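Engineer: Give the three-dimensional model of this entry:
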Amino acid sequence: MTTNASYGKKLSAGTDFPVMNVTNLDDHTVELGKPRDGSDWQMIVVYRGKHCPICTKYLNNLESKRTTLLDMGVDLIAVSADSKEQLEEHIKDLDVKFSMGYGLSQDQLQQLGVYVSDPRSPEETDHPFAEPGLFVVNQEGKILAVDVANNPFCRPDIETLVNGLQFVKDPDNDYPIRGTHNS
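Structural biologist: Predicted coordinates for the structure are as follows:
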């Protein structure tokens, strides 16, 4: 069945990030959009799930910038609609130290405004899953940066993303949230 309707309303830059909780591998509840451990910003990376080798590569590459992000005050969490068991299996292929959340509900995916796909077969996965999304939330809970894609190969380049965030976080640059003009 094919439809032309988007799944949810896309989140806009400059608006409040929705209040949303996920569970991480340590069975702790994490509130998305609320930076942790002394950070003042949070980067939320929504990925497709364990079935996606492109996601695995992206997350492993993101780990190489984890320390840089933390030094800048950017907390990092990756989340998916996978079950805890699927994440436990996936973590074997990941070499990451940042927080990983699981179990995003269909309602949460809709709130995030990410694209959602159905599995091509039961071997791929057993549930509708999110296509990639990336959100950077500032200390005021506002969405500073948003990137939502409908497939796994359209994501921000990690090096460019981190360099851009370094520029934006520098108070001397007085860089505003972009994309907020209402016509």
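Engineer: quick one: contacts for the residue at minimal distance from the centre of the chain?
Structural biologist: The residue lying closest to the centre of the chain (Cα atoms, centre = their mean) is Val45, at 1.7 Å. Applying Cβ atoms under 8 Å, 6 or more residues apart in numbering to Val45 gives the contacts Tyr58, Leu59, Leu62, Leu76, Ile77, Ala78, Val79, Pro132, Gly133, Leu134. For every residue, glycine as well, the C-beta is placed using N, CA and C.
Engineer: residues contacting the second one?
Structural biologist: Going back to what we said before, that points to Leu59. By Cβ under 8 Å, 6+ apart, Leu59 lies in contact with Val45, Tyr47, Ala78, Leu94, Val96.
Engineer: Could you list everything the first one pairs with in the sheet?
Structural biologist: According to DSSP bridges, the residues that bridge with Val45 are Ala78, Leu134.
Engineer: and it, how far is that from Pro122?
Structural biologist: The gap separating Val45 from Pro122 is 26 Å, by Cβ to Cβ, to the nearest Å.
Engineer: Which of the contacts of Leu59 sits closest to Gln166?
Structural biologist: Using Cβ to Cβ, Val45 is the member of these that lies nearest Gln166, at 17.7 Å.
Engineer: And that closest one, how far from Leu134?
Structural biologist: According to Cβ to Cβ, Val45 stands 5 Å off from Leu134.
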